[in-house]
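Trainee: Sequence below, structure please.
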Amino acid sequence: MPPAKLNLNSGCLKKGAISAPGVFEVIAIICYLVSSVIFLCTPTCIGTPFWYSRLYPVTAMTSCLFIGVFSVLLTVGILDKNGAIKWDTVNFICNIVEFVIMLTVSILTIVACNNNASLLHRFSAPIGILGAFSLLTSSTIWAVRSRSSKEVAFPSEERTEAAGSNQYRRSFVA
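Mentor: As a prediction, this is how the structure comes out:
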């Protein structure tokens, strides 16, 4: 029996990782993971507060977890079963909250260790900020798509009637 082919145009995959918002979410996850690895592999700055060594990696990994869970649930199609509009709103709110928290933590990381940081240490927070803005872009695309899918189009009868009267005018003028 031949293996089943993956249909890339199916509804679930179009809404998931293959879509534009899904690509931005994957970029955000990669940015968060890379920035966390850089942060954890470099020595902590001298004279930083006690929360400094724990706050950034925990925040980045928690954001990765939330993004990953929502992406997988949307790709598999679980979120479409029980009112997709509610889950779109929950996903949008979670992404905006993650954006604000990650942006704040990244700025705190930059401010707390700006005097005696190594060159490698200075890259972790800007990469996290890049991931936060990638997540914001993904959320914006999701919001625009869900909003445009709620708009009502012209009924087909009105279109044909309007097209017929427009054609009549053209022939009368000509």
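Trainee: shaky segments in this structure?
Mentor: 1-17, 77, 79-86, 115-118, 147-174 (pLDDT under 70).
Trainee: all helices of it, in order?
Mentor: Assigned by DSSP state H, the helices in the chain fall at 11-15, 20-41, 52-76, 78-81, 84-112, 121-150, 156-173.
Trainee: How much space separates Leu103 from Trp87?
Mentor: 24 Å (CB to CB, to the nearest Å). Bear in mind the C-beta positions are built from the backbone N, C-alpha and C, glycine included.
Trainee: about what we covered before: I'd like the helices of the chain laid out as JSON lines, including mean neighbour count.
Mentor: Formatted as JSON lines, the helices of the chain follow (neighbours: other CB atoms under 10 Å):
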{"stretch": "helix 11-15", "mean neighbour count": "15"}
{"stretch": "helix 20-41", "mean neighbour count": "19"}
{"stretch": "helix 52-76", "mean neighbour count": "17"}
{"stretch": "helix 78-81", "mean neighbour count": "14"}
{"stretch": "helix 84-112", "mean neighbour count": "17"}
{"stretch": "helix 121-150", "mean neighbour count": "19"}
{"stretch": "helix 156-173", "mean neighbour count": "9"}
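Trainee: quick one: Leu33 and Cys64 touch, right?
Mentor: Yes - counting by CB atoms under 8 Å, Leu33 touches Cys64, with 6.2 Å between them.
Trainee: Export only the CA atoms of stretch 31-40, formatted as CSV.
Mentor: Provided in CSV are the C-alpha atoms of stretch 31-40 (Å, rounded to 0.1, in the frame of the first residue of the first chain):
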residue,chain,number,x,y,z
CYS,A,31,14.5,33.4,18.5
TYR,A,32,13.4,32.6,22.1
LEU,A,33,15.3,29.3,22.1
VAL,A,34,18.5,30.8,20.6
SER,A,35,18.4,33.7,23.0
SER,A,36,17.9,31.4,26.0
VAL,A,37,20.8,29.2,25.0
ILE,A,38,23.1,32.2,24.6
PHE,A,39,21.9,33.6,27.9
LEU,A,40,22.5,30.4,29.7
